[in-house]
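>>> Everything below, folded, please.
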Amino acid sequence: MKSLLPLTMDNRVLPEVVTPPQAVAVRRRWAICALLLAATTLNYIDRQVLGVLAPFLSRAYGWNEVDYGYIVTAFQAAYAIGLLCAGAVIDRIGTRLGYALSIAIWSLAAMSHAFARSVASFAAARFMLGLGESGNFPAAVKTVAEWFPRGERAFATGVFNAGSNIGAIIAPLAVPVAVSVGGLKAGFLLTGVLSMMWLAAWLTIHRPPTQHAGLLPAERAADARRMPWIELLCHRQAWAVIAAKFLTDPIWWFYLFWLPKFLNAEYGLTLTALGAPLVAIYVMADGGSVGGGWLSGWLIRRGWSVNRARKGAMLASAAAVVPIVLAPSAHRLWEAAALIGLATAGHQGWSANVYTLASDLFPPGAVASVVGLAGFAGAVGGMMVSTLVGLLLQTTGSYVPVFSMAGSAYFIALAIVHALVPRLAPAQLGAGGYSL
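This next block holds a predicted model:
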């Protein structure tokens, strides 16, 4: 009987390709990663809807700049509180139920915006949205750790984290269409419905990885040692990451919540006209995220030390933000968009390296805790800056002080990081005191 197996040029029979159980698990893990990408995209669409609609909601409900600042601050306060609590809840009840709970809360909160009327009711809706959305990154990172072997986790994390910029791109395109069809309420209801659809897909597809024979125990091996906050805070390395996030995360929050208002105020853009410049800005941000992470790795391959390479990439990212101080004086829309896009690219390149600092300085079992503390600090900083921005704009009517603050924050943060960890020496956990 003639073999049906493929032949080489010299008629040797190639080995039969047998699909092992691991192949099924590989397909399942990447399906789950696709869900994480979708959730992160929805996460950023939900939080971006208010920014896109802000100029029009302000006119509809008579908000001033301070009112809007308070509404934004309510989200950031809840997000900060949630970051401290979400990880513990998800660790206790598992990623399947923990992620489901997070999505359910933020879906209902997103839809509740459609029924808000006063500043207080919008602030309450934003507060609940912040609590729900704070679970996204802890749940997603933990899911990757459960499903992916160590060698693939960074790539999988990069894939789902791309949803942050994708969401920021989709929102200014999709929300105006929804509003044009169903009014202002539709912009909030649409994202809540999409999140509920994601929840149904998650509960259908996701099961604990232990139920899949194709996943080997070694693939899920991780340093499970948990470190109390008080011990982590005894190390300068933790404070370096915290300071970097505290000083620069608020700039990203400003971009998310205030750019549509800036473009509307300075260039008179209508709701539908906001889409093109915002998409261009966040596409540049995507490039900065990939490029910033690539740059430090390329420098290391060129023979630079990790310390020089990481800080060199952070320095380049900080320099890319500086020209944003010229944005308020730009005479043309696309000049301002290019300056802001360069700054968002710089921020994302900076952020990629700051997150990597945590793994440079701490063992795997402590990285999530350090990132959680730093994320909390960034959210608190964002809450403070949002209130300050509202007060500045209400008092001066000028964006110049705000963009000047954005242009200088990264160099200040880099100086503090270098002062705290001049050699990026890993923390000696368990040694007590400040390590260097």
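>>> and the closest residue to residue 398 other than its chain neighbours, what pLDDT?
Spatial nearest neighbour of residue 398, excluding adjacent residues (Cβ to Cβ, 6 or more residues apart in numbering): residue 328 at 6.9 Å. All C-beta spots, glycine's among them, are computed from the backbone N, C-alpha and C. In this prediction, residue 328 carries a pLDDT score of 92.
>>> what residues are up against residue 328?
Residue 328 is in contact with 266, 336, 398-400, 403, counting by Cβ atoms under 8 Å, 6 or more residues apart in numbering.
>>> ok, now with 10 Å
Each residue near residue 328 by Cβ atoms under 10 Å, 6 or more residues apart in numbering is listed here: 262, 266, 336, 339, 398-404.
>>> Which among the residues you listed count as buried?
Burial by neighbour count, judged by 16 or more other Cβ atoms under 10 Å, picks out 262, 336, 339, 399, 402-403 from the contacts of residue 328.
>>> Average pLDDT for stretch 181-196, rounded please.
83.
>>> do stretch 428-436 as well
Taken as a whole, stretch 428-436 has an average pLDDT of 53.
>>> Same check on stretch 40-59?
On average, stretch 40-59 scores 83.
>>> Next, the buried residues of stretch 384-402.
385-390, 392-393, 399, 402.
>>> circling back: quick check, nearest of the contacts of residue 328 to residue 76?
Residue 76 has its nearest neighbour among the contacts of residue 328 in residue 402, at 16.1 Å by Cβ to Cβ.
>>> contacting residues around that closest one?
Residue 402 makes contact with 251, 254, 258, 262, 324-325, 327-328, 385, 388-389, 392-393, 396, according to Cβ under 10 Å, 6+ apart.
>>> And for residue 82, the neighbour number?
Neighbour count for residue 82, taken as other Cβ atoms under 10 Å: 26.
>>> Poorly predicted segments of this structure, please.
Under the criterion pLDDT under 70, the flagged ranges of the chain are 1-25, 87-88, 91, 149-158, 210-227, 364-368, 429-436.
>>> Show me it divided up by domain.
As assigned by automatic domain parsing, the chain contains the domains 21-222, 227-427.
>>> hmm, back to that, any chance of the contacts of residue 402 in a markdown table, plus distance to residue 425?
A markdown table is the format used below for the contacts of residue 402 (distance: Cβ to Cβ, whole Å):
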| residue | distance to residue 425 |
| --- | --- |
| 251 | 28 |
| 254 | 33 |
| 258 | 38 |
| 262 | 41 |
| 324 | 33 |
| 325 | 35 |
| 327 | 38 |
| 328 | 41 |
| 385 | 31 |
| 388 | 35 |
| 389 | 37 |
| 392 | 39 |
| 393 | 43 |
| 396 | 44 |
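>>> Which of those fall within helices?
251, 254, 258, 262, 385, 388-389, 392-393, 396 (DSSP state H).
>>> Reformat the residues you listed as JSON lines; add distance to residue 161.
Output for the ones in helices among the contacts of residue 402, formatted as JSON lines (distance: Cβ to Cβ, whole Å):
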{"residue": "251", "distance to residue 161": "18"}
{"residue": "254", "distance to residue 161": "20"}
{"residue": "258", "distance to residue 161": "23"}
{"residue": "262", "distance to residue 161": "26"}
{"residue": "385", "distance to residue 161": "23"}
{"residue": "388", "distance to residue 161": "28"}
{"residue": "389", "distance to residue 161": "26"}
{"residue": "392", "distance to residue 161": "31"}
{"residue": "393", "distance to residue 161": "31"}
{"residue": "396", "distance to residue 161": "36"}
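>>> For residue 344, give me its contacts.
Listed by Cβ under 10 Å, 6+ apart, the contact set of residue 344 reads 165, 168, 251-252, 255-256, 259, 281-289, 320-321, 324.
>>> try 6 Å this time
Neighbouring residues of residue 344 by Cβ atoms under 6 Å, 6 or more residues apart in numbering: 255, 281, 285.
>>> For the second one, grab the count of nearby residues.
The criterion is other Cβ under 10 Å. On that basis, residue 281 has 26 neighbouring residues.
>>> and if you look at the first one?
Taking other Cβ under 10 Å as the neighbour definition, residue 255 ends up with a count of 22.
>>> Look up how far residue 284 lies from the closest residue to residue 38 other than its chain neighbours.
Leaving aside its sequence neighbours, residue 38 sits nearest to residue 198 (Cβ to Cβ, 6+ apart; 5.8 Å). Distance of residue 198 to residue 284, computed by Cβ to Cβ, to the nearest Å: 27 Å.
>>> okay, those two: which has more neighbours?
Taking neighbours as other Cβ under 10 Å, residue 198 and residue 284 compare with residue 284 leading, 22 against 19.
>>> counting contacts, what elements does the strand or helix carrying that one pack onto?
Taking DSSP states H and E as the definition, residue 284 sits inside helix 275-301. Applying 3 or more Cβ pairs under 6 Å, 6 or more residues apart in numbering; DSSP states H and E, one finds that helix 275-301 makes contact with helix 163-182, helix 306-321, helix 333-361.
>>> So which bits of it are buried?
Quick answer for helix 275-301 (16+ other Cβ under 10 Å): 275, 277-289, 291-293, 295-296, 299-300.
>>> same deal with stretch 301-308?
Buried residues in stretch 301-308, counted by 16+ other Cβ under 10 Å: residue 304.
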